[in-house]
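> with the sequence up front, the predicted model follows.
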Amino acid sequence: MITNTHSVGLVRDAVIAWRLKHGAPEDGGFAWSLPVVAETWDGYLNDINGFHVKPEDVFHALDSAHGGAVEEGNVGGGTGMICNEFKGGIGSSSRVLDVKYGGYAVGVLVQCNYGQRDQLRIAGVPVGPEIPGKKVWDDDVGSIIVVVATDAPLIPTQLKRLTRRVSLGLARDGSYSGNGSGGIFIAFSTANPGAAAAKGCRQLTMLPNDQMNPLFLATVQATEEAVVNAMIAAKTMTGVNGRTVIALPHDRLREVLKKYNRLVK
């Protein structure tokens with residue numbers, strides 16, 4: 001689960017309650033779970049001390065989860081997020097490796113809430129300095145949550161290596177991970193589905209380390225693009241105390257990319 005500040009404990013407890021209610025058989029008979037709940041601070045736009053998220057909101061989120069396209073921008077935990085001093089939020093992107101590299105997929109989901117406008121880069125272009133505007137921060141503050149998913153057969157140590165490549169994707173967007181900016185990166189693989197079985201020896205498949213480079217590249221590219229997608233999808237928002245954060249203006253972005261010969265047409 002991805003949420004905003006001050007809701008972590010409530011969301012965690014609600015997720016546990018939801019699991020108990022549904023009694024998933026894969027629990028192996030143990031009524032215990034420790035869900036991962038990550039957060040980024042949205043106090044500039046959100047009344048974070050209002051404790052507006054309730055258990056029923058968490059239940060609704062879990063009950064309405066679905067496959068298909070991911071909602072992006074000002075949705076869910078991304079509602080109050082700010083990225084490079086423009087409106088941020090939820091973004092996603094993916095890559096599918098060539099068949100000769102296994103044809104594996106890598107998907108990235110971000111909740112972006114970090115960065116300075118003057119550092120923003122898109123397709124290598126200094127977009128931030130080209131689109132001046134009202135200052136929101138005087139430094140690189142905020143945080144970002146990044147979830148990497150793949151169907152490649154990777155063991156935990158390899159997934160940890162994959163998460164380290166997330167920072168390289170963020171750097172392409174202009175992030176330098178400032179002192180006040182926290183990054184939470186997690187990765188998982190859908191391969192080896194029976195690995196957590198409670199009984200018997202389990203057989204696992206594992207991709208050789210020497211074949212991981214295409215996955216590293218896919219992670220970097222998808223992370224870079226997911227942040228941009230979040231900013232493109234986000235809408236201008238006015239929050240608590242009348243504070244307004246504008247969305248990245250699409251027309252100006254096109255002009256800047258055209259200026260640097262990045263637009264195909």
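Received it, and whenever you're ready, just let me know what you need. Numbers count the residues shown, from 1 in each chain.
> in stretch 87-104, which residues are buried?
87-95, 97, 101, 104 (16 or more other Cβ atoms under 10 Å). Every residue, glycine included, has its C-beta placed from N, CA and C.
> and stretch 158-168, by the same measure?
Of the residues in stretch 158-168, 158-159, 161-163, 165-167 count as buried by neighbour count, 16+ other Cβ under 10 Å.
> what lies in contact with it?
Here stretch 158-168 makes contact (Cβ atoms under 8 Å, 6 or more residues apart in numbering) with 108, 146, 148, 150, 154, 175, 177, 183, 185-189, 206-207, 209, 212, 215-216, 219-220, 223.
> excluding chain neighbours, what is closest to L109?
Spatial nearest neighbour of L109, excluding adjacent residues (Cβ to Cβ, 6 or more residues apart in numbering): V147 at 4.5 Å.
> in a strand, that's where that neighbour is, yeah?
Yes - assessed with DSSP: H, G, I helix; E, B strand; the rest coil, V147 lies in a strand.
> compute the number of surrounding residues for it.
Residues near V147, counting by other Cβ atoms under 10 Å, number 21.
> repeat that for the one 4 residues further on.
Residue crowding around D151 was assessed by other Cβ under 10 Å; the count is 15.
> for the one 3 residues further on, same thing?
A count of neighbours around L154, defined by other Cβ under 10 Å, yields 24.
> restrict stretch 79-89 to CA atoms and write it as PDB.
C-alpha atoms of stretch 79-89 as PDB (Å, rounded to 0.1, in the frame of the first residue of the first chain):
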ATOM      1  CA  THR A  79      -3.300  13.200  -4.600                       C
ATOM      2  CA  GLY A  80      -1.200  15.700  -2.700                       C
ATOM      3  CA  MET A  81       2.200  15.000  -4.100                       C
ATOM      4  CA  ILE A  82       4.600  17.600  -5.700                       C
ATOM      5  CA  CYS A  83       7.400  16.700  -8.100                       C
ATOM      6  CA  ASN A  84      10.100  19.100  -9.200                       C
ATOM      7  CA  GLU A  85       7.800  21.900  -7.900                       C
ATOM      8  CA  PHE A  86       5.100  20.900 -10.300                       C
ATOM      9  CA  LYS A  87       2.100  18.700  -9.400                       C
ATOM     10  CA  GLY A  88       3.300  15.100  -8.900                       C
ATOM     11  CA  GLY A  89       1.500  11.900  -8.000                       C
END
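> that one: how far from the chain's middle?
Chain-centre distance of stretch 79-89: 13 Å, with Cα atoms, centre = their mean, to the nearest Å.
> with stretch 186-200 instead?
Taking mean C-alpha positions (Cα atoms, centre = their mean), stretch 186-200 and its chain are 22 Å apart.
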